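Enquirer: Pasting a predicted model and its sequence here:
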Amino acid sequence: PIMSMDQDRKGEFVNMDTKVTLGVIIGNRGFFPDHLADEGRKEILKVLADDGIEAIALSPEDTKFGTVESLEDSIKCAELFKKNRDKIQGILITLPNFGDERGIANAIKMSGLDVPVLVQAYPDETGIMDLANRRDSFCGKMSACNNLKQYGINYSLTKLHTVSPSSEAFREDLYWFAGVCRVVDGLKNARIGAIGARPAAFNTVRFSEKLLQASGITVETIDLSEIFGRTEKIKDDDPSIKARLDRLNCYVNTEGVPSKALIRMAKLAFVIENWMQENRLVASAVQCWTSMEEYYGIVPCAVMSMMSENLMPSGCEVDVCGVIGMYALQLASGVPSALVDWNNNYGSDPNKAVVFHCSNWPKSMLDDPKMVYQDIIAGTVGADNAYGACVGRVTPGPMTFARVSTNDVEGSISAYVGEGEFTDDPLDTFGGRGVLKIDEMQDLLCYICENGFEHHVAISKSSQADVLYEAFDKYLGWDVYYHNPI
């Protein structure tokens with residue numbers, strides 16, 4: 001299992017089993033104690049193995065102690081990384097002694113890899129600083145970072161300037177960095193499905209496919225009529241439909257939901273899942289109103305909720321950029337995410353607000369979820385055409401929020417991230433809803449409005465803002481605001 005980090009990079013186990021593979025560079029410098037490099041390599045590889053992280057590193061048969069120092073060492077390391085470029089999601093530089101800054105920078109540059117890099121340096125022990133044991137990694141880390149900066153290589157740092165690989169502090173750094181690697185790797189290769197056109201009334205969810213493509217994110221489209229046409233070809237008694245009906249009835253309480261509506265949901269789920277598999281899509285954004293209700297007779301919320309619960313994020317109103325935020329949160333945390341509206345103030349408390357959607361929240365985020373007709377849409381299309389909303393109150397606990405947006409005028413991608421908590425404050429309303437508390441929320445709301453962000457925000461019941469900020473800002477090159485009031 002992986003870990004979900006809070007602001008201090010402390011972990012709690014979650015359910016998603018996502019392995020990370022790191023290229024590892026062990027630094028060495030000849031006139032510093034060699035045995036430190038030998039011991040350091042063994043220690044760091046053991047730490048990675050113990051935490052389920054696959055390491056790609058030179059062996060002692062390749063170079064002295066499997067370290068990188070000379071140009072020849074750099075070439076060997078670069079060739080090894082090239083052979084494993086499809087596996088390596090990040091690079092860990094470890095400095096058991098001062099290390100050779102040129103060898104490290106050359107190895108990364110010649111490998112051609114464009115992945116996150118973490119620099120770790122061993123601490124000296126004050127009682128063991130004789131000629132045979134003094135590391136000077138404290139100083140060597142500065143030289144290594146200086147050369148990485150000269151070479152144009154982006155890199156991340158451990159929370160402490162020097163830290164032992166076997167310490168809990170480094171373990172927290174490692175889990176944090178693994179999250180950064182998953183987000184960057186996942187987004188640079190993401191394929192997102194856009195199902196239908198955006199609702200005509202919602203200019204707010206317009207976006208630039210070309211700007212997303214420049215960051216490696218591909219959008220695959222399909223017309224809603226094609227989805228409807230494929231569902232019409234499926235018989236009600238098809239075994240695949242029966243299986244999905246069983247899943248729907250087991251997913252949440254469906255008491256009172258007409259069987260005809262459930263069959264339509266099952267067919268819609270079957271068609272969308274197959275289309276996503278055929279096109280290798282990782283997430284979807286759906287035209288959820290009002291064509292769906294008028295011409296197909298359901299709301300797709302339950303189908304979308306199930307996909308998000310199964311770690312295939314699905315967002316409303318063809319908000320592709322909103323779904324990218326959902327997917328990023330999922331990559332970081334390993335738990336389902338949701339796309340919601342910043343919807344209402346909460347009384348007179350300036351640091352609380354109500355978030356809402358109709359709802360397609362993943363059921364794991366809700367207390368006692370059930371399936372009903374969607375109250376708002378039912379007023380227009382009738383209740384019989386609006387069944388399929390998964391409603392409930394979000395349970396209390398920490399949360400991370402994120403929003404991604406394309407800025408066509410400036411030719412850039414913008415985002416904001418931050419953390420807060422869901423509360424158990426009284427809330428008597430309908431749909432999928434919750435009360436959240438965010439420090440200095442009025443400053444955040446001003447930032448959202450002044451910079452023209454959408455009213456949708458992606459949320460996750462985890463603490464991952466520092467992971468997303470590092471990934472978005474440093475490695476994807478987006479313009480990111482981190483709402484992190486001290």
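Expert: Nice, I can see it.
Enquirer: Please save the CA atoms from stretch 426-440 in PDB.
Expert: The C-alpha atoms that make up stretch 426-440 are tabulated as PDB, following Å, rounded to 0.1, in the frame of the first residue of the first chain:
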ATOM      1  CA  PRO A 426     -25.500  21.000  11.100                       C
ATOM      2  CA  LEU A 427     -26.600  21.200   7.500                       C
ATOM      3  CA  ASP A 428     -30.200  20.600   6.500                       C
ATOM      4  CA  THR A 429     -30.300  20.600   2.700                       C
ATOM      5  CA  PHE A 430     -30.400  18.100  -0.200                       C
ATOM      6  CA  GLY A 431     -28.000  16.400  -2.700                       C
ATOM      7  CA  GLY A 432     -24.400  15.500  -2.000                       C
ATOM      8  CA  ARG A 433     -23.300  18.000   0.400                       C
ATOM      9  CA  GLY A 434     -20.800  19.000   3.100                       C
ATOM     10  CA  VAL A 435     -19.500  21.800   5.300                       C
ATOM     11  CA  LEU A 436     -15.800  22.600   5.000                       C
ATOM     12  CA  LYS A 437     -13.500  24.800   6.900                       C
ATOM     13  CA  ILE A 438     -10.500  26.500   5.400                       C
ATOM     14  CA  ASP A 439      -8.300  29.000   7.100                       C
ATOM     15  CA  GLU A 440      -8.500  32.500   5.600                       C
END
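Enquirer: Return the set of buried residues in it.
Expert: For stretch 426-440, burial by neighbour count (16 or more other CB atoms under 10 Å) applies to 431, 432, 433, 434, 435, 436, 437, 438. In this view, the C-beta of every residue, glycine as well, is placed from N, C-alpha and C.
Enquirer: Equivalent analysis for stretch 122-129, please.
Expert: 122, 124.
Enquirer: Quick check: end-to-end length of that stretch?
Expert: 13 Å (CA to CA, to the nearest Å).
Enquirer: starting at the chain centroid, how far to it?
Expert: The chain centre lies 38 Å from the centre of stretch 122-129; the measure is CA atoms, centre = their mean, to the nearest Å.
Enquirer: Report the mean confidence score over it.
Expert: Across stretch 122-129, the average pLDDT comes to 94.
Enquirer: re earlier: could you redo the buried residues of stretch 426-440 as JSON lines and give each row pLDDT and distance to residue 361?
Expert: Putting these into JSON lines (pLDDT from 0 to 100; distance: CB to CB, whole Å) gives the following:
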{"residue": "431", "pLDDT": "96", "distance to residue 361": "9"}
{"residue": "432", "pLDDT": "97", "distance to residue 361": "4"}
{"residue": "433", "pLDDT": "98", "distance to residue 361": "9"}
{"residue": "434", "pLDDT": "98", "distance to residue 361": "9"}
{"residue": "435", "pLDDT": "98", "distance to residue 361": "14"}
{"residue": "436", "pLDDT": "98", "distance to residue 361": "13"}
{"residue": "437", "pLDDT": "98", "distance to residue 361": "18"}
{"residue": "438", "pLDDT": "98", "distance to residue 361": "19"}
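Enquirer: Going by distance to residue 126, which of these wins?
Expert: residue 438 (42.7 Å; CB to CB).
Enquirer: Give me the spatial nearest neighbour of that closest one, chain neighbours excluded.
Expert: residue 420 (3.6 Å; CB to CB, 6 or more residues apart in numbering).
Enquirer: State the distance from residue 289 to residue 405.
Expert: 22 Å (CB to CB, to the nearest Å).
Enquirer: Compare neighbour counts for these two and give me the winner.
Expert: Set side by side, residue 289 and residue 405 show more neighbours around residue 405, with 26 against 22, by other CB atoms under 10 Å.
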